[in-house]
Each structure stands twice: as structure tokens, then as C-alpha cells.
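Engineer: coords below, sequence missing:
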DNA sequence: GTAGTTAATGAACATCTGTACAGTAAGTTT
DNA sequence: AAACTTACTGTACAGATGTTCATTAACTAC
């Protein structure tokens, strides 16, 4: 994270200090209520330094998340790094790794997702989850009739949905349980099920 | 939309003018660059009036979306309004209605989703998509092993994923096609498929 | 080590934000 | 129609934003 020697050490230091400052402030304050002045005050940097590197605080937080997402990608890919085919076995392993990754960064996921801070965080995570199969799997095309792009977007957001639900329960379940649930949902969808329309809905309708 | 006679007409008028003003400004400007001063200037209202009803511009946009989401709910429920059981048939119909609803409000979905404006819009849409089966279906529990909450969050975000993908293609497909794709994805997931790991990924790994 | 580059500083400025308050106008209730 | 209630206005103010610029300090490349 931020160790590229090609980048001026002063920039590395300033950015790192600003990130830490923001994360620190987010522990005690809503993202909304944190001003750029707050951030640079805690970082002990000039306000101009902030604007040299970022346009607004969202951009700073995005950069914090980029580091996290980089780890997500590595985690997901790890299980099929050394094999040539991707089957349900590799999928299981990848899925477990994803949930483990989220558990590892539980603090920051909680902070960011619960603070409603980043409009684009969802999109960034999904973009990666969407592209991973598209990039890594040569003949990825679930079946002839299925639109590849729609299917990966479906799948990516679905996993994000589980992550968000998980964060909202304050990580009530284990990463293994989450992975097992995802596989259960994918494999055992009872499509011929019959549900009863609940009375409360029907009654609500009789205005 | 906003016709409750219990609410003071002045409030109704002010809010409506502010909403129109914001939507109008969003046609030509990034949400980010629209100031509250801009909004009230175009609306020809005092700035204090804005703050009387909203804390910040995001809240105003949220209210715009609430009207849209109300229609989404009605659309989804329409197909099983007059039946007692919910099967794949009702699901198909509901799903078609959802995509038709999005197509009807294509302008505003495009405006809001592409402007990266609302952190919570995703969550609001998903909240509703999540709750609809939970509220309306009496014995909704896909199968014994599956966690109801996780499954509905999965499903809700998955559909949102398709909507977002659809918006990003500028509505390249028809609502019927979208519905058909969703059903295809749900029913025909080839879980025993085998994919080849692509060369580009494997080569990328040999740093 | 020196020269050249560029990041960080401090100060200054116009604009926007968020809040307050007294006065006016428009609504609702009886 | 009169009495009330409350939304909107105009003004004012302290603080935050976003930008600019000359100066100083730190880093890189040679």
C-alpha cells in the first residue's frame, strides 16, 4: 500500500497521513460531518496539500478503499492461481476467500458501508466482481441464451448484497457460513416452489 | 406524487419547485457541482426555505426517488394482486413489471445512477426488493438450509445489478428481454460447468 | 555535492454553507 | 370573515470551500 518508490516520498507521506486522519475521524464522526479542514487539521497539513491530491473527501476515501479492493481481487484469484480449469470446486474456494477477505477488513467495511459515504464503492466492488470471471475465464458464458454482461452484473451485485447484509448484522455469521449459503443459493434454487400471498398484503390492498 | 391535502399547500409548492429545479439542473450539470444556492436561485425561493425542508441536496434527491420507488412497488405487486399463490408465473409477471417500470422512468434512473449522486439509492431500491417477498409471501423460505435474509438480499441486489447494467447500456434491450434474461439466469444456472482459466490471467501472474 | 524540479506552506479572496431571527404573507380552522 | 398558525422572506454572520500565488523546503537526478 503506497510503497511505490517512483512516487515522491513527500506525496506518499502526505497521502498516507490524510488517509489515516480520515479513517481516524470516521471512528467518531459521520463522514458527512467531517470537513476537509478537520482532516488537514488532524493530519497537520496545509489545506492546499489536500487539494493538490484530491478534489473532495470522497476521492480520499475512494483511495482508501482501492487498497482494500486490491486485496479482494488477490483473495478471489488465489484458489485458481495454479490450476487450469475453474469448476464448482474453485468457485467454492474463491467465494470462501472473498468472505474471509471481508472479515479481515471488517472494520473498514463497516465504517464505509454504514456511513453511507461512498456512492461509488458499490460500483467499484461490483465492477471487480463482474470482471473477474469475464477476464479470468476463457469460455465464460453460462449458457447460450444468457447475456454474459447481464449475468455477471447479476452475480456481482448478488454477492455484494450478501456482503452488505453480513455487514449489517455486524458479522453475525462466519465466513464459511456465508460461502456455504451462497453456494446453497446458487445450486438449490427451488424454482417450482409455490408461495402463499400473505394476508397482510391482501388486506392492505382492500384500502 | 405530493398531493396529500393534509400538507400545507405552500410546502407542497415549495418542495415541488425545488425538485423540478434540481432535476432541471441535473440535465446539464454534475450533481456534485450543483449548489443549494443554484437550486433555490432557479426555484426562485429563499435559501432558508430549502433548509426548512431538507438538510442537504441529497435529501431532496432522495425524495424525488421516493416517488419513483413508490411506483416500483406498485408495479411489482400488480401481478399477484388478485391471486392467492405466487408461482414462477407470478414471478415472471412481476419481473416484467419491474423492468417496465424502470423503462418508464428511464430518464430519471439514468440521471440518478449515472450521476453517482445518491449513496443510498441502491440501498433504498434493494430494501424494497428485499422486503417485497418477505412481506407478501407467507411461507417464503427458499429451502430449509437457506438463510432468508441473505437470500433476499442476494436476490434484491442481483436484480439491481441487472438494472444498473441495463441503464449503463442506455437501455439497449427491451423490458421483456431483461425479464426473460433474469428468468433464464435464475432457472438455468449450469452449476456443473467447467471453465478454462484464461491465458492472459495466467500470464499476468508470472510477473 | 550541485542543479533542477516539485511538494508543501501561508495568506488572501470570493463564494457557499448552515443557522438564526424578526417581519410578512399565505395558509388553515372556527 | 376573523383569529390562529406557520411557511416564506430578507438579512446577517461565522465557518467551510475551492482557488491562486509567491515563498520555502524537500526530494530526485546528474
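Structural biologist: Looks like it came in fine. As the structure is a computational prediction, the values presented were derived from the model and not from experiment.
Engineer: for chain A, which residues are neighbours of DNA strand C?
Structural biologist: Residues of chain A lying close to DNA strand C by C-beta under 7 Å from any atom of the strand are A:8, A:10-11, A:13-14, A:44-49, A:52-53. Where C-beta positions appear, they are placed from N, C-alpha and C, glycine not excepted.
Engineer: can you tell me which of those residues are buried?
Structural biologist: A:14, A:45, A:49 (16 or more other C-beta atoms under 10 Å in any protein chain shown).
Engineer: what's the burial count for residue A:82?
Structural biologist: Residues near residue A:82, counting by other C-beta atoms under 10 Å in any protein chain shown, number 9.
Engineer: what about it, distance to residue B:157?
Structural biologist: Noted for residue A:82: a distance of 31 Å to residue B:157, by C-beta to C-beta, to the nearest Å.
Engineer: go on, residue A:197?
Structural biologist: 24 Å.
Engineer: neighbour count winner among these two?
Structural biologist: Per other C-beta under 10 Å, whichever of residue A:197 and residue B:157 has more neighbours is residue B:157, with 29 against 20.
Engineer: residue A:116: what secondary structure?
Structural biologist: Three-state assignment for residue A:116 (DSSP: H, G, I helix; E, B strand; the rest coil): coil.
Engineer: isn't it right up against residue B:120?
Structural biologist: Yes - Residue A:116 is in contact with residue B:120 according to C-beta atoms under 8 Å; the separation is 5.5 Å.
Engineer: how distant is stretch A:75-90 from the center of its chain?
Structural biologist: In this view, stretch A:75-90 has its centroid 20 Å away from the chain centroid, taken as C-alpha atoms, centre = their mean, to the nearest Å.
Engineer: and the residue minimising distance to the centre of chain A, what does it touch?
Structural biologist: Centroid-nearest residue in chain A: residue A:125, 4.2 Å away (criterion: C-alpha atoms, centre = their mean). For residue A:125, the contacting residues are A:69, A:72, A:156, A:160, A:163, by C-beta atoms under 8 Å, 6 or more residues apart in numbering or on different chains.
Engineer: could you pull up the mean pLDDT of the one helix or strand it maps to?
Structural biologist: Applying DSSP states H and E as the criterion places residue A:125 in helix A:121-136. The pLDDT scores in helix A:121-136 average 88.
Engineer: by contact count, what packs against the host helix or strand of residue A:27?
Structural biologist: Assigned by DSSP H and E, residue A:27 falls within helix A:9-28. Contacts defined by 3 or more C-beta pairs under 8 Å, 6 or more residues apart in numbering or on different chains; DSSP states H and E place helix A:9-28 against helix A:36-43, helix A:47-53, helix A:57-77, helix A:106-114.
Engineer: nearest to chain B among the ones you listed would be which one?
Structural biologist: Ranking the helices and strands packed on helix A:9-28 by their distance to chain B (criterion: C-beta to the nearest C-beta) puts helix A:57-77 first, at 7.5 Å.
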